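J.: 3D model of this:
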Amino acid sequence: MESLKGSIVETIFRNHENGYTVAVLETENQLITITGVFGTDPTGENIELYGKKVKHPKYGEQFQVSMYNSVLPTDLDQIENYLSSGFIKGVGKFTAKKIVDHFKEETFDIIQNNPSKLTEVEGIGQKKASMIAKSFAEQSDIKEIMMFLQSHNISTNYSLKIYKEYGINTISIIKENPYRLSEDIYGIGFKLADKIASSLGVEKESPYRISSGVKYILAENASKGHSYLPYDTLVKNCTTLLETSVENIEDEIRNMAFTDKIHMENIEGKSVVYYLPYHKAEVNVCKELINLAATDFELSKEDILSYLSNVEEDSSITLTKMQREAVIQSILNGVTVITGGPGTGKTTIILSIIKVFEAMNKKVLLCAPTGRAAKRITESSGREAKTIHRMLEYAYGEDDRNLMFNKNQDSPLDCHVVIVDEMSMVDILLMNNLLKAIKRGTRLIMVGDVDQLPSVGAGNVLADIINSQVIKTISLDTIFRQSKGSMIVKNAHSVNKGINPICNKKDSDFYFMRVNNENKIANLIVELYKDRLPAKYGLNPIKDIQVLSPMKKGIVGVIELNKRIQAAVNPPSKFKKEKAFGKYVFRVGDKIMQVKNNYQAEWKLSDNYDLTGEGIYNGDIGSIEYINDNQEELLVLFDDDKEVMYSFNQLDELILAYATTVHKSQGSEFPVIIMPMVWGPPMLLNRNLFYTAITRAKQLVVLVGQERYMEEMIKNNKIYKRFSALDYRLKSAVETYRLLTE
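T.: Got it, this is the predicted structure:
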């Protein structure tokens, strides 16, 4: 690591949100541009920097700062410049000169240790002297904290986040319990906190360490879909992670359960452990579903049939017996599930339900877990649909610090009916917040395909509700939506039954291209994307074709495929700006995807700047319109014509999206999908994933690779076991009620 020492003579750019700064450093023999994250504006500071020199393609040589130490100046002119730099409240150039003229080299010692002597300077009274001393001390605190954090190998970026969270108490909080960092600071996990703790001398057997390790294991498994872990599994995982005795871990687990940090219980004869938020969510979802389902609306089938007949006549729709039953049950019951594969008429049923309720003068709210899924309902129903988060008004609370759902039990949704589409994607925490906002007497109708991949978050909500047999469920199995010669829908249902799809029929829409070598598979995918499919079908590759891969890594993984496709369809050009960030280089014209919900992102419509709003969501796809190096920002135009400006430090919210994982494609539909068929971990390559992938396509499916891997996926119907107990709780609650009322 290189080092430089000098003073900051000018700040060229500073982002006050994250501290990213571009400045000019003057050393003994040169002026050099530096870039990095600083806790405060460093203008005027004497500073020692650690990092490396880099060559920027436009701005030339720069010094990229990893760590820094502030050094108080000793030269009188430098002392005067420091005092007048704006760091110290109440001191301008004139006052700084008078102070230094009076105290010379003792200036800093006087301000720090004997500030009352400042009153000897003309124009400085006791009040102003106190203000100067306090401001100087605050600057010293910040520098001491930043140096303390960096001495424990915490980057400047994280140091700034930590200081913003804990303020002047940072050092004492971290020394008392460094594991708080993994809970309080986004991006700092247990392993980094553990390294910091080790450097502070924390013992392996420390209760703080074991408690944090237990929470980490539970949280990590929640990110894999588990609401709880079996007790034995938790202990085993903690022993491996913490490298301490089973006895120490079991003692701390019992202590955490006793102090309500985790929850332990016995489910069907097995001891299990929940991270508290997931237990509370699961219990509350069970309670609220039963309460909603218990509502009696005092309607007869005859009443509903009368409304439904009028709807069918007015809309020129003829429903089948099963579809009519789905509509009737949705109106009769407080809670209803409608599940079925592609082409089974779910959209027609939703529209019929909406029209019946509208005829009954009932207010209906439509929602889905993702922005793309909500957009699809809007297009198919002609009614506005929102993401669940937007419907629940997820935003900052009154303190402007914590995001929260503003629609809840104290401020419920104003409606008679809530319809949720793509229900398989809803996790237990989101379901809990949704149910909190639905008041008693409101109908809840959940629509989804239970055979698709489950939610990314913890829980198995839709499958558990259906498996409990407590909530009224209509399962659709008759295929309606199938164009002449189309094999997509037919093959999807075949795959779901374990039958291999029919491929390569003449004038069909489902093809398999046999290639053995992975490198050749990747090359063919690029060729299909760039040339062959657009030429044959008149497609716009960026808008119409989506490559789906089961995995992120490898030659045919998402990361490598994105780089290859980008090089083919949007290569480097002196006429196109680009920005390197993480694994990718972002270039004007690139197809990108938003990978986290950003509820505060401001957008405006590209064809009407007067129409503005907030919120860009995980899975939204768009393209890069321009990149501005001077302002360090990048403009994205999303598929729904929303323009969003990103600062460079927000680029972790974006990835290239020529190729994406099957999981990321959930809730979306694309005209054409291309998918590699290669070896992968059996846990990942299963029927569930393959079925989800091919049901994303509306017009054409092209599979590239070896048929045996497709056949293995279809045979592999082992659904990855998720530890969730919503079905158990629903069945137990109904059984308890039955025993009490007998």
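J.: ok, now which ones touch the residue positioned nearest the centre of the chain?
T.: Centroid-nearest residue in the chain: Lys596, 3.2 Å away (criterion: C-alpha atoms, centre = their mean). Applying C-beta atoms under 8 Å, 6 or more residues apart in numbering to Lys596 gives the contacts 618, 653. All C-beta spots, glycine's among them, are computed from the backbone N, C-alpha and C.
J.: Let's verify it: helix, strand, or coil?
T.: Secondary structure, DSSP: H, G, I helix; E, B strand; the rest coil: Lys596 is coil.
J.: How about Met593?
T.: Met593 is classified as strand under three-state DSSP.
J.: Next one: it from Ile428, what distance?
T.: Distance of Met593 to Ile428, given as C-beta to C-beta, to the nearest Å: 25 Å.
J.: Likewise for Lys224?
T.: Distance of Lys224 to Ile428, computed by C-beta to C-beta: 13 Å.
J.: Met593 and Ile428 - which one has more neighbours?
T.: A direct count of neighbours by other C-beta atoms under 10 Å for Met593 and Ile428 places Ile428 higher, at 26 against 21.
J.: is it true that that one touches Val456?
T.: No. Counting by C-beta atoms under 8 Å, Ile428 stays clear of Val456, with 11.8 Å between them.
J.: Give me the mean pLDDT for stretch 31-46.
T.: Stretch 31-46 shows a mean pLDDT of 80.
J.: Convert the C-alpha atoms of it to CSV, please.
T.: Extracted C-alpha coordinates of stretch 31-46, given in CSV (Å, rounded to 0.1, in the frame of the first residue of the first chain):
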residue,chain,number,x,y,z
LEU,A,31,-0.2,18.4,-6.7
ILE,A,32,-2.3,15.2,-7.1
THR,A,33,-6.0,14.5,-7.3
ILE,A,34,-7.2,12.1,-4.6
THR,A,35,-10.5,10.2,-4.4
GLY,A,36,-12.0,8.4,-1.4
VAL,A,37,-14.6,8.5,1.4
PHE,A,38,-14.0,11.1,4.1
GLY,A,39,-15.9,11.6,7.3
THR,A,40,-15.9,15.4,6.9
ASP,A,41,-14.8,17.8,4.2
PRO,A,42,-11.0,17.6,4.3
THR,A,43,-10.3,21.0,2.7
GLY,A,44,-7.4,22.7,4.6
GLU,A,45,-6.4,19.5,6.5
ASN,A,46,-2.9,18.2,6.9
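J.: Make 29 the first number, not 1, from now on.
T.: I'll keep to 29 as the first residue from here, and by that count the last item is stretch 59-74.
J.: what residues are up against Thr688?
T.: Contact analysis of Thr688 by C-beta under 8 Å, 6+ apart lists 574-577, 586, 621.
J.: Considering those residues, which possesses the most neighbours?
T.: The most neighbours of any of these, using other C-beta under 10 Å, belong to Val575, which has 28 neighbours.
J.: residues in contact with the residue nearest to that one when sequence neighbours are not counted?
T.: Closest residue to Val575 in three dimensions, ignoring its sequence neighbours and counting by C-beta to C-beta, 6 or more residues apart in numbering: Ala687, at 3.8 Å. Ala687 is in contact with 574-577, 586, 589-590, 593, counting by C-beta under 8 Å, 6+ apart.
J.: mind redoing it with 7 Å?
T.: Neighbour list for Ala687: 575, 577, 586, 589-590, 593 [criterion: C-beta atoms under 7 Å, 6 or more residues apart in numbering].
J.: Which of those fall in helices?
T.: In this view, the contacts of Ala687 that belong to helices under DSSP state H are 586, 589-590, 593.
J.: Dump those into JSON lines; add pLDDT and distance to Leu320 as well.
T.: Formatted as JSON lines, those follow (pLDDT from 0 to 100; distance: C-beta to C-beta, whole Å):
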{"residue": "Val586", "pLDDT": "95", "distance to Leu320": "40"}
{"residue": "Leu589", "pLDDT": "97", "distance to Leu320": "44"}
{"residue": "Asn590", "pLDDT": "96", "distance to Leu320": "43"}
{"residue": "Ile593", "pLDDT": "97", "distance to Leu320": "47"}
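J.: could these be laid out in CSV, adding distance to Asn361?
T.: Listed next are these as CSV, based on distance: C-beta to C-beta, whole Å:
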residue, distance to Asn361
Val586, 41
Leu589, 45
Asn590, 46
Ile593, 48
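J.: Looking at neighbours, which among those is most surrounded?
T.: Within the ones in helices among the contacts of Ala687, neighbour counts (other C-beta under 10 Å) peak at Leu589, which reaches 27 neighbours.
J.: From Ile722, how far out is that one?
T.: As judged by C-beta to C-beta, Leu589 and Ile722 stand 18 Å apart.
J.: Compute the distance between Asn519 and His417, please.
T.: 34 Å.
J.: do the same with Leu552
T.: 39 Å.
J.: The two: who's more crowded?
T.: Using other C-beta under 10 Å, the more surrounded residue of Leu552 and His417 is His417, with 23 against 19.
J.: Let's see stretch 760-770 as CSV, backbone CA atoms only.
T.: What follows is stretch 760-770, C-alpha atoms only, in CSV (Å, rounded to 0.1, in the frame of the first residue of the first chain):
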residue,chain,number,x,y,z
SER,A,760,-53.4,-26.9,15.1
ALA,A,761,-55.4,-23.8,15.5
VAL,A,762,-58.5,-25.3,13.7
GLU,A,763,-58.1,-28.5,15.6
THR,A,764,-57.9,-26.7,19.0
TYR,A,765,-61.1,-24.7,18.0
ARG,A,766,-62.9,-27.9,17.1
LEU,A,767,-62.0,-29.5,20.4
LEU,A,768,-63.2,-26.5,22.4
THR,A,769,-66.5,-26.3,20.6
GLU,A,770,-67.4,-30.0,20.7
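J.: Could you count how many residues lie near the residue nearest to Ser408 when sequence neighbours are not counted?
T.: Nearest residue to Ser408, sequence neighbours excluded (C-beta to C-beta, 6+ apart): Thr375, at 4.9 Å. When counting by other C-beta under 10 Å, one arrives at 18 neighbours for Thr375.
J.: Could you do Ser496 as well?
T.: Around Ser496 there are 20 residues (other C-beta under 10 Å).
J.: Please state the backbone phi and psi of it?
T.: Main-chain dihedrals, Ser496, degrees, to the nearest 10: phi -70, psi -30.
J.: Surely it touches Ser760?
T.: No. Using C-beta atoms under 7 Å as the test, Ser496 is too far from Ser760 to be in contact (9.5 Å).
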